[in-house]
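Chemist: My questions are about this predicted structure, shown below with the sequence.
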Amino acid sequence: MAEHAPSFDISRPTIARVYDALLGGKDNFAVDREGAAAYLRYVPDSGKVAKENRKALSKGVRYMAEQGIDQFLDIGAGIPTMENTHQVAQAVNPEAKVVYVDNDPIVLAHGRALLATDNSTTVVTADLRDPQGILDHPEVKEMLDFDRPVGLMVVGLHMHFHDDEGPDEWVRLILDACPSGSYLFITDFVDTGEPLQKGMEQAGLESLGNGWIRTPERITEHFLGLPLVPPGLDFLARWFPSEPEKVVTPADELEPWQRILMAGIGYKA
């Protein structure tokens, strides 16, 4: 890879490493475990929430791969852990290509291990705040063909940006580079008025300085006008894009922690 050996700032928690700690991983530092502890204080089932998000990632990637998508741009990918994007996509299509993007250098370090055994997967250090920088990155340009449909993934990331920063416009710039037939896959913290949702927001603000909840209507706006594939935007435990007719648990019968995140996939016609 082109980047120099990464250096880690262990004085402040990062999104990727706190998430890793919540998932029970080992690629984190004491400060990140303290950040995870803040989530657990407010939402004792935060680890389950994190794992549910990973399951949703698998469901979304599998759906897109089943529709013929064979190249994926996973922004805010985090540290490689259970059921990674490239593993799910390549189980459907062994030729699928995946670019992971994250601004935490520890992700790059683990990406090198992936690259040693998988020439169809690469990891780049970049930031959604600089969308053109992502598109112009040499490894992104080498791996992905933007003349063909792309599975654009912004999974568990929007909540870490305040609306005043304009995250939708960052995503729009990248989506505009993706041709017809592409998909936009998003999960986000939701606000339907429940106390535990507010607790998740408070935990994020205390541990990371970000982590805002949004109404379903606001989350829908993240899709930039794209129509959503069935079942539309829904709680992760009820969201099965490959099985839209699946009988699911009524929303009011879900556990409170299961009503913290929603997912959806938009289609670019």
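Modeler: Yes, it's here. Numbers count the residues shown, from 1 in each chain.

Chemist: Packing partners of the lengthiest helix in the chain?
Modeler: Across the chain, the longest stretch assigned as helix under DSSP state H is helix 46-66. Using 3 or more Cβ pairs under 8 Å, 6 or more residues apart in numbering; DSSP states H and E, the elements in contact with helix 46-66 are helix 15-22, helix 30-42, helix 85-92, strand 151-155, strand 183-189, helix 195-207, strand 261-267. Where you see a C-beta, it was placed from the backbone N, CA and C, and this is true even at glycine.

Chemist: The fifth one to strand 151-155, inter-axis angle?
Modeler: Spelled out, it's strand 183-189. In this structure, strand 183-189 runs at an angle of 10 degrees to strand 151-155, with axes from the mean of the first three to the mean of the last three Cα atoms, to 10 degrees as the basis.

Chemist: Paired strands for strand 183-189, with orientation please.
Modeler: The strands that strand 183-189 pairs with in its sheet are strand 151-155 (parallel), strand 261-267 (antiparallel) (by DSSP bridges).

Chemist: rewinding a little: buried residues of the longest helix of the chain, list them for me.
Modeler: Residues of helix 46-66 classed as buried: 46-47, 49-54, 56-65 (neighbour count, 16 or more other Cβ atoms under 10 Å).

Chemist: Contact partners for the spatially most central residue of the chain?
Modeler: Centroid-nearest residue in the chain: residue 155, 1.9 Å away (criterion: Cα atoms, centre = their mean). Applying Cβ atoms under 8 Å, 6 or more residues apart in numbering, we find residue 155 in contact with 53, 56-57, 60, 74, 76, 185-187.

Chemist: Now distance to residue 93 too, for the residues you listed, in TSV please.
Modeler: Compiled in TSV, the contacts of residue 155 are given as follows (distance: Cβ to Cβ, whole Å):
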residue	distance to residue 93
53	23
56	20
57	17
60	15
74	16
76	23
185	16
186	22
187	23
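
Chemist: from the residues you listed, which single one is nearest residue 83?
Modeler: For the contacts of residue 155, the minimum distance to residue 83 (Cβ to Cβ) is 7.0 Å, reached by residue 57.

Chemist: Output the below-cut-off pLDDT ranges for the stretch 101-250 of the chain.
Modeler: Counting by pLDDT under 70, the stretch 101-250 of the chain shows low-confidence ranges at 114.

Chemist: show me where it has helices.
Modeler: 105-117, 131-136, 138-143, 167-177, 195-207, 216-221 (DSSP state H, counting those that start in this stretch).

Chemist: one step back: and the helices and strands packed on helix 46-66 as a markdown table, adding distance to residue 170?
Modeler: Conversion of the helices and strands packed on helix 46-66 to a markdown table gives the following (distance: least, Cβ to Cβ, whole Å):
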| stretch | distance to residue 170 |
| --- | --- |
| helix 15-22 | 16 |
| helix 30-42 | 24 |
| helix 85-92 | 20 |
| strand 151-155 | 9 |
| strand 183-189 | 12 |
| helix 195-207 | 19 |
| strand 261-267 | 16 |
